[in-house]
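3D, please:
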Amino acid sequence: MTHNELDFIDSKIKELINDKTFYDFDTLKQKIEEILKTSKIFLVENQLNTKAVDMYLKKVITKRNEILKTKEKSKIKDETQTKYYLIETICKKYEFHSPKKLIEKIEYLEKKTLSQLEKIAMEVE
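Numbering: from 1, shown residues only. Alright, predicted model coming up:
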């Protein structure tokens, strides 16, 4: 086995991790098996070493899940920022005679969904 073989396998595994396509468990396992078959080091008596497949499968699934969680957190953060931006924009369109009225309006708007806030913002323009 050469160092190049491991580099090749690592690069293919990284490509699979970063692949945006959704794969079910069996498809991921098949893709990993195809990658590992390119090197003789993972063959035991001309059969693919199942422990190596399981190890790489765990690595790929874990990394792909981490990427998804990170994207989901980012999406939630963006939606929250957008929501409060819309609330601020809506409130700027009104004149409030007391801080109490402003707070009441903000509390009312916080209960709305993002799409409801977008509709309200369009109406007040």
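
I'd like the next helix or strand past the helix or strand harbouring residue 54.
Per DSSP states H and E: residue 54 is located in helix 50-92. Heading C-terminal from helix 50-92, the first helix or strand you meet, by DSSP H and E, is helix 99-110.

can you name the next helix or strand after that next one?
Criterion used, DSSP H and E; the element after helix 99-110 is helix 114-124.

which elements pack onto that following helix?
Where contact means 3 or more Cβ pairs under 8 Å, 6 or more residues apart in numbering; DSSP states H and E, helix 114-124 is packed against helix 50-92. Where you see a C-beta, it was placed from the backbone N, CA and C, and this is true even at glycine.

tell me what the helix it packs on is packed against?
Short answer (3+ Cβ pairs under 8 Å, 6+ apart): helix 50-92 packs on helix 3-18, helix 25-36, helix 99-110, helix 114-124.

poorly predicted segments of this protein, please.
1-2, 125 (pLDDT under 70).

any idea how far residue 104 is from the residue at the greatest distance from the centre of the chain?
When each C-alpha in the chain is compared with the mean C-alpha position (Cα atoms, centre = their mean), residue 97 comes out farthest, at 43.9 Å. Look at residue 97 and residue 104: by Cβ to Cβ, to the nearest Å, they are 12 Å apart.

cool, residue 115 as well?
Residue 115 is 22 Å from residue 104, where distance means Cβ to Cβ.

what residues does stretch 86-102 touch?
105, 106, 109, 110, 114, 117, 118, 120, 121, 124, 125 (Cβ atoms under 8 Å, 6 or more residues apart in numbering).

so which bits of that stretch are buried?
86, 87, 90 (16 or more other Cβ atoms under 10 Å).

next: stretch 50-65.
Across stretch 50-65, burial judged by 16+ other Cβ under 10 Å covers 52, 53, 56, 57, 60, 61, 64.

could you dump the buried residues of stretch 86-102 to a markdown table with distance to residue 23?
Formatted as a markdown table, the buried residues of stretch 86-102 follow (distance: Cβ to Cβ, whole Å):
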| residue | distance to residue 23 |
| --- | --- |
| 86 | 37 |
| 87 | 40 |
| 90 | 43 |
